[in-house]
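1. Show me how the following folds:
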Amino acid sequence: MRQDSSSATQPVTLYRNPKSGHCHRVELMLRFLGRPYVTVDLDMANGAHKQPDFLVLSPLGQVPAIEDNGVRLADSNAIITYLALRYGDGPAWSGRTPVEAAEVQRWLSIAAGEIASGPCAARLVPLFGAKLDHDLAKARAHALFAVMETHLDGRDWLAADRPTLADVAGYSYIAHAPEGGVSLAPYPQLRAWLARIEALPDFLGMPRSPALA
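-> Okay, here's the model as predicted:
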């Protein structure tokens, strides 16, 4: 699902935290598209993401952010959408039909909603010391995973008959849910979906942390 672009003269610069699933989904998209990139790891513990020069790239002071041949962009879902449209077969990734496009958008919304407040939030507590309700985040993760388990019964991918932005946006925090104390053992369909993503050409995993579940 790659498409060469003669306008791509310099590698994409990805500003990131290497343990952030939001950043990993962008790196995963870059890998799947075969797009050269360089990473800049921000010292977020010391506030590098709140410095004026970075706020020019990401006004909310959040990672990931990218610079790409004059384009500056923040927000992981916005970035992977941009990359797919600029460097890939856009409809293949974002939906070839109105129904596919709607399904992709639905899962991007879930990535920003239920995934962020569930497995993402649960992982933030032990890894980054976030002051969040850990039990509530784990409960939300399990509620989401039960829905996804049913959704994936009889299908390989979340939104279409092939990998799309939905799968890229969903993968990272779900694959690393055990690091937040959320076991994947009860969800064989979900684990099979993760394995299919990991088997794709050019897949790159996110660094693992000790599992709590």
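2. Tell me which helix or strand in the chain has the weakest average pLDDT.
-> helix 52-57 (a mean of 81; mean pLDDT, DSSP states H and E).
3. So for the longest helix belonging to the chain, what gets flagged as buried?
-> In the chain, assigned by DSSP state H, the helix with the most residues is helix 134-151. By neighbour count, with 16 or more other CB atoms under 10 Å as the criterion, the buried positions of helix 134-151 are 134, 137, 138, 140, 141, 142, 144, 145, 148, 149. Every C-beta, even on glycine, is put in place using the N, C-alpha and C of the backbone.
4. Who are the packing partners of whichever helix or strand comes after the least confident helix or strand of the chain?
-> Sequence-wise, the next helix or strand downstream of helix 52-57 (DSSP states H and E) is strand 65-68. Packed against strand 65-68, as judged by 3 or more CB pairs under 8 Å, 6 or more residues apart in numbering; DSSP states H and E, are the following elements: strand 12-16, helix 52-57, strand 71-74, helix 76-87.
5. Give me the contacts around the longest one.
-> Taking contacts as CB atoms under 8 Å, 6 or more residues apart in numbering, the residues outside helix 76-87 that touch it are 2-3, 5, 8, 12, 22-23, 25-26, 29-30, 33, 35, 64-66, 68, 71, 73, 90, 93-94, 108, 111-112, 165, 168-169.
6. contact partners of the helix or strand containing residue 25?
-> Under DSSP H and E, the secondary-structure element containing residue 25 is helix 21-33. Helix 21-33 has contacts (CB under 8 Å, 6+ apart) with 1-2, 12, 14, 16-17, 37, 39, 62-64, 66, 76, 79-80, 83-84, 87-88, 111, 120, 123, 163, 165, 168-169, 171-173, 176, 200-204, 206.
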